[in-house]
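Asker: Provide a 3D model corresponding to the input given below.
(one chain, ligands or ions: 2)
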Amino acid sequence: TIVEDEALAREYLSAHNYKSSDMCYKTNVAEWKFASDITDEKERLKLEQSLVAARFEKEAWKNITSFNWKPFTDPDLKRKFKLLSVLGPSALPEDKLTQYRKTIDAMEKIYSTAKICSFTNPGDCGMNLDPEITEKMSKSRNFDELKHVWQQWHEQSGGKMRDHYEKFVELSNEAARMNNFSDTGAYWLRNYESDTFKEDIEGLWQTIKPFYLQLHAYVRAKLRAHYGEDKVPNNQPIPAHLLGNMWAQSWGNIDDLVTPYPGKTSIDVTPEMLKQGYTPKKMFEMSEEFFTSMGLLPTPPEFWSGSIIEKLVGKEMVCHASAWDFCNGKDFRIKQCTKVTMEDFIVVHHEMGHIQYFLQYKNLPLVYRDGANSGFHEAVGDSLALSVQTTKHLKEIGLLDKSTPQDQEATINYLLATALEKIAFFPFAYIMDKWRWDVFDGSVKSTDYNGHWWKLREKYQGIRSPVTRSENDFDPGAKYHIAANVEYIRYFVSFVIQFQFYKSLCMTAGQYDPHNPSQPLHECDFYRNKEAGAKLGAMLTMGASRPWPEAMRAVTGQDRMDASAFREYFKPLEVWLIAKNKELGEPVGWDSDQ
Ligand SMILES: C=C(C[SeH])C(=O)N1CCC[C@H]1C(=O)O
Ligand SMILES: [Zn+2]
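Answerer: Numbers count the residues shown, from 1 in each chain. Ligands and ions are numbered 1, 2, ... in the order given. Take a look at the predicted model:
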């Protein structure tokens, strides 16, 4: 009977949960060892462990799917079976699974160990993405040097991955079909549990796009002023190497070129951090203190003993920042090649947001130890970072002089600097998965990988490659998440909902009242506010146990993604930008070849 089946099912799950946490621990340890010391031996051991895990998962999956779980009456039990009934890539036969893992490991290794030669000192060919290349893209204002660094990085990273990626797509789609999904894109989208998810994302983009176009026009005008009309024509896409970031995904590093009212204090407090002798350790301790000041959970001793928060010397490692849950309820780590900059101080909070989520749901069954959806996991740290970066908070922690003015011009400067990070990001995040959805569903063949990438880059971001491109290049691979096969629409979701969370926590903390102009949303700092912390913590403890609209409602009272909090936050800037572009006679948008 159903009742007997459900009783048996519960028993099975508790045994399964215990064994799978042990397997998860072993798999994470093997992956951590490879990511923090990239050698053939560590790669072999990681692959070996992933095959052991695949056998275990396949066996468990056979048992799970032997239950007739769909008619189960207990909604919680049914949800657990629904989530566990998807096996993933482990469904592949071992020889194909081995190929699948090897292609991804090969791409991640190429990405993490790629080096280029310096523009000014051609003998120096030891420049890594982290820190040398990233620093050059952020700081150089030399058009040709930036072009050299951009082109060399794309050649040494993505340029060496095309064959691997083609193989990966074929195997990944085969695995998706074995899991009853049409392709890998559909398999990825199951995480959002919504038939209208793609339409919702497009709707959010349509809401944000007019504002993006205004920012794009303004930034293009400023870049044209610096580099000249011939380099940055005013009705064309912006050359991709001039935005202060290798992928033109966030433009905050060129704030010095575009700030509306120069001479006012910038929120880039990097110089002050260096002056005060900040270290990566101090940055992590300060981030933790922000969380605990709200009554959120502190990190356990294992976090500090296990984490790697500075680039290791004498080893090749994956420097792309990441947070790890070792599934045993006490071992949680971050691996980050932290530099003492304001940008990295924000990334520290982003990663600590993942750790906080791990800590809050650590007592749930393993199947529920995940974000309400992947966007939630990316939004936790960023929601708090919006509070940390305010001039109010930076004064509170002594990184900004208390006499720094907070007048209208300072407000526009602040909102523009934040917009360079938060608004510029949306079209990039969108095309990172739009390109992959199109590749996975077969509408883009490998003979058009690079052409399609630049078509989307122009259409959505309004940027263009600084050098001629062809199908000898594979520029998508120059971005970590494509090389390492990490889904990306989660960040688009995060950049919308983090403003919903921030606004709601600000209201809970009495830091924002929509009817009180003396308390604008963008100045809200809920540091030390226990009510805000309790509200966020209550959502985090839910993990993936309930559909994400319920988690959204727990924090914001709404049950959907909504860009209006984001628009409210930037309203003063939007008004200013539209007026400014009109005053400058700046054309908005660009002629696109496509
Ligand atoms: C910091 C992380 C690790 Se989850 C990251 O990959 N992020 C954070 C924001 C966007 C995205 C990126 O760097 O591309
Ligand atoms: Zn993240």
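Asker: contact residues of this structure facing ligand 1?
Answerer: Contact residues, the chain versus ligand 1 (C-beta under 6 Å from any ligand atom): 249, 321, 322, 347, 350, 491. From N, CA and C alone the C-beta is placed, and that goes for glycine too.
Asker: and the longest helix that the chain contains, what other elements does it pack with?
Answerer: Across the chain, the longest stretch assigned as helix under DSSP state H is helix 2-35. Secondary-structure packing of helix 2-35 (3 or more C-beta pairs under 8 Å, 6 or more residues apart in numbering; DSSP states H and E): helix 40-64, helix 75-84, strand 322-325, strand 332-335.
Asker: most packed of these?
Answerer: strand 332-335 (a mean of 24; mean count of other C-beta atoms under 10 Å).
Asker: helices and strands around it, which ones?
Answerer: The contact analysis (3+ C-beta pairs under 8 Å, 6+ apart) places strand 332-335 against helix 2-35, helix 301-306, strand 322-325, helix 342-360.
Asker: in the host helix or strand of residue 537, which residues are buried?
Answerer: According to DSSP states H and E, residue 537 maps onto helix 530-540. Neighbour counts using 16 or more other C-beta atoms under 10 Å place 532, 533, 535, 536, 537, 539, 540 of helix 530-540 among the buried residues.
Asker: could you pull out the helices for the stretch 451-594 of the chain?
Answerer: In the stretch 451-594 of the chain, the helices defined using DSSP state H, counting those that start in this stretch lie at 480-483, 489-508, 530-540, 548-556, 564-584.
Asker: what angle do the third one and helix 342-360 make?
Answerer: Right, helix 530-540. Between helix 530-540 and helix 342-360, the angle comes out at 60 degrees (axes from the mean of the first three to the mean of the last three C-alpha atoms, to 10 degrees).
Asker: what are the contacting residues of helix 530-540?
Answerer: If you take C-beta atoms under 8 Å, 6 or more residues apart in numbering as the criterion, helix 530-540 is touched by 291, 293-297, 356-357, 360-361, 372, 380, 383, 501, 504-506, 508-509, 526, 551, 554-555.
Asker: need the buried ones from those residues selected in ChimeraX.
Answerer: Entered in ChimeraX, the line below selects the buried ones among these, by 16+ other C-beta under 10 Å:
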select :291,294,296,297,356,357,360,361,372,380,383,501,504,505,506,508,509,526,551,554,555
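Asker: which ones are touching the residue nearest the centre of the chain?
Answerer: Within the chain, one residue has its C-alpha closest to the average C-alpha position: by C-alpha atoms, centre = their mean, that is residue 491, at 4.6 Å. The contact partners of residue 491, taken as C-beta under 8 Å, 6+ apart, are 375, 378, 425, 429, 432.
Asker: recalculate using a threshold of 7 Å.
Answerer: The contact partners of residue 491, by C-beta atoms under 7 Å, 6 or more residues apart in numbering, come to 378, 429.
Asker: model confidence for the residue in the stretch 151-300 of the chain that ligand 1 sits nearest to, exactly?
Answerer: In the stretch 151-300 of the chain, the residue that lies nearest ligand 1 is residue 249 (5.9 Å; C-beta to the nearest ligand atom). pLDDT recorded at residue 249 is 98.
Asker: need the residues that contact stretch 16-36.
Answerer: Applying C-beta under 7 Å, 6+ apart, the contact partners of stretch 16-36 are 42-43, 45-46, 49-50, 53, 56, 60, 308, 312, 317-318, 324, 326-328, 335, 365-366.
Asker: what residues does stretch 105-114 touch?
Answerer: Defining contact as C-beta under 7 Å, 6+ apart, one finds that stretch 105-114 is touched by 38, 43, 129, 156-157, 160-161, 164-165, 316-319, 477, 480, 483-484.
Asker: mind checking which of the residues you listed are buried?
Answerer: Buried among the contacts of stretch 105-114 (16+ other C-beta under 10 Å): 38, 43, 129, 156-157, 160-161, 164-165, 317-319, 477, 480, 483-484.
Asker: tell me the spatial nearest neighbour of residue 223, not counting adjacent residues.
Answerer: Take residue 223 and drop its neighbours on the chain: the residue closest to it by C-beta to C-beta, 6 or more residues apart in numbering is residue 232, 4.7 Å away.
Asker: mind checking what secondary structure the one you found has?
Answerer: Secondary structure, DSSP: H, G, I helix; E, B strand; the rest coil: residue 232 is coil.
Asker: where does the stretch 51-200 of the chain get nearest to ligand 1, which residue?
Answerer: Residue nearest to ligand 1 within the stretch 51-200 of the chain: residue 134 (10.9 Å; C-beta to the nearest ligand atom).
Asker: okay, that residue and residue 247: tell me how far apart.
Answerer: With the distance defined as C-beta to C-beta, to the nearest Å, residue 134 ends up 11 Å from residue 247.
Asker: one more: residue 438?
Answerer: 18 Å.
Asker: tell me how far residue 509 lies from residue 532.
Answerer: For residue 509, the distance to residue 532 equals 4 Å [C-beta to C-beta].
Asker: list the residues that contact both of these two?
Answerer: Residues touching both residue 509 and residue 532 (C-beta under 7 Å, 6+ apart): residue 526.
Asker: ok, the residue nearest to residue 57 when sequence neighbours are not counted - contacts?
Answerer: By the measure of C-beta to C-beta, 6+ apart, the closest residue to residue 57 outside its immediate chain neighbours is residue 90, 4.5 Å from it. By C-beta under 7 Å, 6+ apart, the contact set of residue 90 is 54, 57, 58, 97.
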